[in-house]
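J.: whatever this is, show me its structure:
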Amino acid sequence: MSLNNIQLPPIVLQELFKNALIDLKTEEKQVQKSSSNGFATLGNNRRRILIMVKSEDTLYLLDEQLNFLMGILAACNLTMDDVAILNIKKNKSVTYKTVANELKSEKVFLFGVAPDEIELPIDFPNYQIQQYNNQVYLTAPTLSQFQDNNVEKKKLWNCLKQIFSI
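T.: A predicted model of the protein is given here:
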């Protein structure tokens, strides 16, 4: 008997090939709508981390901005499952109170969003970690400004290291 002519019983074949190379079970859509205010977010918000952006052009982010953000998340040992992305231009009545009540965020990152745009009663500069209302806030420039700017990337990374104890 050669190796080319081995016949395996069906039970062995079933055990060998019980997992397919392609997973036909797709996860739930990552776009969620909250019931009362109807905030459309991207991500599952499992670790209560909110990323607020402001984009007129897209529902959430352009592809290159999303890819950059995914790299940041990976460096912090996070995934889209852990965060929620909220575009304040595509959602009505976004304030820090409504977002806190609706999404229960513990950490809020404002990319290109000024604190007064969400009616936050305090003002603070970019890259200053600010605690308010039992939440941690961080403001930074828009994600598009990070593209080829290593100085800005380093400032953001230093803040993220403090926030996530990396």
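
J.: point to the helix or strand of the protein where mean pLDDT is at its lowest.
T.: Ranking every helix and strand in the chain by mean pLDDT, DSSP states H and E puts strand 31-33 at the bottom, with a mean of 45.

J.: ok, now how distant is Phe132 from Lys97?
T.: If you look again at residue 132, you'll see it is Tyr, not Phe. For Tyr132, the distance to Lys97 (Cβ to Cβ, to the nearest Å) stands at 11 Å. Where C-beta positions appear, they are placed from N, C-alpha and C, glycine not excepted.

J.: kindly report the same for Gln147.
T.: 33 Å.

J.: kindly report the same for Phe109.
T.: 18 Å.

J.: ok, those two, which is more surrounded?
T.: Using other Cβ atoms under 10 Å as the criterion, Phe109 and Lys97 rank with Phe109 on top: 24 against 13.

J.: all helices for the protein, in order.
T.: Remark: helices assigned in the chain by DSSP state H are 10-16, 63-75, 96-103, 150-164.

J.: where are the low-confidence patches of the chain?
T.: Counting by pLDDT under 70, the chain shows low-confidence ranges at 1-3, 8, 11-37.

J.: quick one: the strands in it?
T.: 31-33, 40-42, 49-53, 83-87, 107-111, 130-132, 135-140 (DSSP state E).

J.: coming back round to it: would you format the helices of the chain as TSV with distance to Asn126 included?
T.: As requested, those are exported to TSV (distance: least, Cβ to Cβ, whole Å):
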stretch	distance to Asn126
helix 10-16	55
helix 63-75	15
helix 96-103	17
helix 150-164	8
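
J.: how about those helices, which one is nearest Gly38?
T.: Closest to Gly38 of these, according to Cβ to Cβ: helix 96-103, at 9.3 Å.
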